[in-house]
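Chemist: Sequence and computational prediction follow.
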Amino acid sequence: METDRITSIEDVENFLQGAEKVDFSFANKKEKYQFVSDTLVKLKYGIAPKREKILIKRFLGKVTNYSKKQLKRLVKKWKDGKLLAAATQTNRHKFSSTYGPQEIALLAKADGALNFPNGFALKESLMREYNIFKKENYETISKISVSHIYNIRSHNLQYNSKVKHYTKTNPVNIPIGERRKPQPLGQPGFLRIDSVHQGDLDKIKGVYHINIVDEITQWEIVGCVEGISEFFLIPLLENLISQFDFKIINFHSDNGSEYINYQVADLLNRLIVKQTKSRSRKSNDQALVECKNGAVIRKHIGRNHIPKKFAGLVNIFYQKYFNPFLNYHRVCSFATDYVDKRGKIRKKYDIHLTPYAKLKSLENAEQYLKEGITFEMLDKIAYAKSDIEAGKEMRKEKMKVFSKIKVS
């Protein structure tokens, strides 16, 4: 190799800039190590400043095609006077292979037959083959550790050539609804929906509550259904949406199949309502309705099992007494955003209104009402009873429903 012309740092810089041409061929490893040693001596690497050391190593890397880590190790050996000796060391200690081709084949055979159990189960099966069923060829492989089973599964070429691995299930992207957070911008009609199961009794399913909450006004409509299949759910959803007194713009749910299906999509298309669904790893997307699940449904209905046959009875109670109470007489807290001393946006729940009062407080609120509905009509419902009177009536009717369920 022609390196006589490279005798200084300036020559190295010219070389790295592409001004010099060098034949990069080496006969063997010993010659390459010798070149590294000669270059470090010739360019006085030991006393060179840091900038020049970097240039020397870059030059060596370009000529020898060694990585930075490898050159760092070679330079250290050179400083210790062991670089040239390392070039001739070929008698490395090699550990004998405990699990040869025969043992790997047995492991692959066991994995395929047992449908890829976990490592502990597979080791136990291998031990049983040798200890209980007296198969002598399993003697060695039965002593394998659990961790080494996973090593072989991941990296052994013979194992992977013999075994047809299962593949992870790919997530299915269902083209229903848009995965995003709704942006109501102060406008009512953006609904959040969720299901609440009333629990099982002796492995028998109870009723399901369907909870729908408007994001801006917290207007809440609750329904009850025997099951969440399309046969029960579609008629109920249409009924619940019709109970809102204002126009519905957006329907947002989690990714559960009870709402992300073509039957619900057809219903919403017929009602001209846009459908969205929650985003991955964004747990706050459904925070409002999930909060209402606990603060409203669980608080008033509890957690005791309600048989499916009472779904109609509970749904009538919801429509006649519970939903009017929630929207015209139950006070909710609304947040005001403010900026703290650190410049972070925080919420302060300083506004307390009923959902109906919140709806009326919106600017030009009349434009949001459904056709044929006026605030004069709604005022007659809202102010026919006081909040306490409405609460007592709702509680009385609820006790009647529970007494019928209990008697059954």
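Modeler: That came through fine.
Chemist: Name the surrounding residues that touch the helix or strand of the chain with the lowest mean pLDDT.
Modeler: Here the helix or strand of the chain ranked lowest by mean pLDDT, DSSP states H and E is helix 83-87, holding a mean of 75. Helix 83-87 is contacted from outside by K29, K30, K32, Y33, Q34, V36, S37, L74, K77, using CB atoms under 8 Å, 6 or more residues apart in numbering. No exception for glycine: its C-beta is placed from N, CA and C like everyone else's.
Chemist: now that we have the residues you listed, which one has the most neighbours?
Modeler: Highest neighbour count within these, by other CB atoms under 10 Å: V36, with 24 neighbours.
Chemist: Can you tell me how far that one is from K62?
Modeler: 12 Å (CB to CB, to the nearest Å).
Chemist: Equivalent analysis for E393, please.
Modeler: Separation of E393 from K62 (CB to CB) stands at 88 Å.
Chemist: what residue ranges in the chain are flagged as low confidence?
Modeler: The model of the chain has pLDDT under 70 over residues 1-4, 18-25, 87-95, 164-174, 408.
Chemist: Would you map the strands across it?
Modeler: Along the chain, the segments classed as strands by DSSP state E run 178-179, 190-197, 200-201, 204-205, 208-214, 220-225, 250-253, 274-277, 332-339, 345-353.
Chemist: okay, those in JSON lines with mean neighbour count next?
Modeler: Output for the strands of the chain, formatted as JSON lines (neighbours: other CB atoms under 10 Å):
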{"stretch": "strand 178-179", "mean neighbour count": "12"}
{"stretch": "strand 190-197", "mean neighbour count": "21"}
{"stretch": "strand 200-201", "mean neighbour count": "11"}
{"stretch": "strand 204-205", "mean neighbour count": "13"}
{"stretch": "strand 208-214", "mean neighbour count": "24"}
{"stretch": "strand 220-225", "mean neighbour count": "24"}
{"stretch": "strand 250-253", "mean neighbour count": "24"}
{"stretch": "strand 274-277", "mean neighbour count": "18"}
{"stretch": "strand 332-339", "mean neighbour count": "12"}
{"stretch": "strand 345-353", "mean neighbour count": "11"}
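Chemist: Pipe those strands into JSON lines and attach distance to K385 per row.
Modeler: What follows is the strands of the chain, written out as JSON lines (distance: least, CB to CB, whole Å):
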{"stretch": "strand 178-179", "distance to K385": "41"}
{"stretch": "strand 190-197", "distance to K385": "26"}
{"stretch": "strand 200-201", "distance to K385": "36"}
{"stretch": "strand 204-205", "distance to K385": "36"}
{"stretch": "strand 208-214", "distance to K385": "23"}
{"stretch": "strand 220-225", "distance to K385": "18"}
{"stretch": "strand 250-253", "distance to K385": "31"}
{"stretch": "strand 274-277", "distance to K385": "36"}
{"stretch": "strand 332-339", "distance to K385": "18"}
{"stretch": "strand 345-353", "distance to K385": "18"}
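Chemist: can you tell which of those is closest to E136?
Modeler: Shortest distance between E136 and the strands of the chain, using CB to CB, is found for strand 200-201: 51.7 Å.
Chemist: Given that closest one, what are its sheet partners and their directions?
Modeler: Looking at strand 200-201 with DSSP bridges, its partner strands are strand 204-205 (antiparallel).
Chemist: helices and strands around the lengthiest helix in the chain, which ones?
Modeler: Secondary structure assigned by DSSP state H gives helix 387-407 as the longest helix of the chain. The helices and strands touching helix 387-407, judged by 3 or more CB pairs under 8 Å, 6 or more residues apart in numbering; DSSP states H and E, are helix 311-317, helix 323-328.
Chemist: contacting residues around that helix?
Modeler: Residues outside helix 387-407 that contact it (CB under 8 Å, 6+ apart): 300, 306-307, 310, 313-314, 317, 320-322, 324-325, 328-331, 354, 385.
Chemist: These, buried ones only, as a ChimeraX selection?
Modeler: Remark: buried members of the contacts of helix 387-407, expressed as a ChimeraX selection using 16 or more other CB atoms under 10 Å:
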select :306,310,313,314,317,321,322,324,325,328,329,330,354,385
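Chemist: still on that earlier bit, among the contacts of helix 83-87, which are in helices?
Modeler: Those of those lying in helices (DSSP H): K29, K30, K32, Y33, Q34, V36, S37, L74, K77.
Chemist: Identify the residues contacting the residue nearest to K53 when sequence neighbours are not counted.
Modeler: Counting by CB to CB, 6 or more residues apart in numbering, K53 lies nearest to Y45, which is 6.2 Å off, once chain neighbours are set aside. Y45 sits next to T39, K53, I56, V75, W78 when contact means CB under 8 Å, 6+ apart.
Chemist: tell me the contacts of D111?
Modeler: By CB under 8 Å, 6+ apart, the residues touching D111 are P117, L122, R153, V163.
Chemist: for I248, same thing?
Modeler: Residues in contact with I248 (CB under 8 Å, 6+ apart) are G189, L191, I241, L271, V273.
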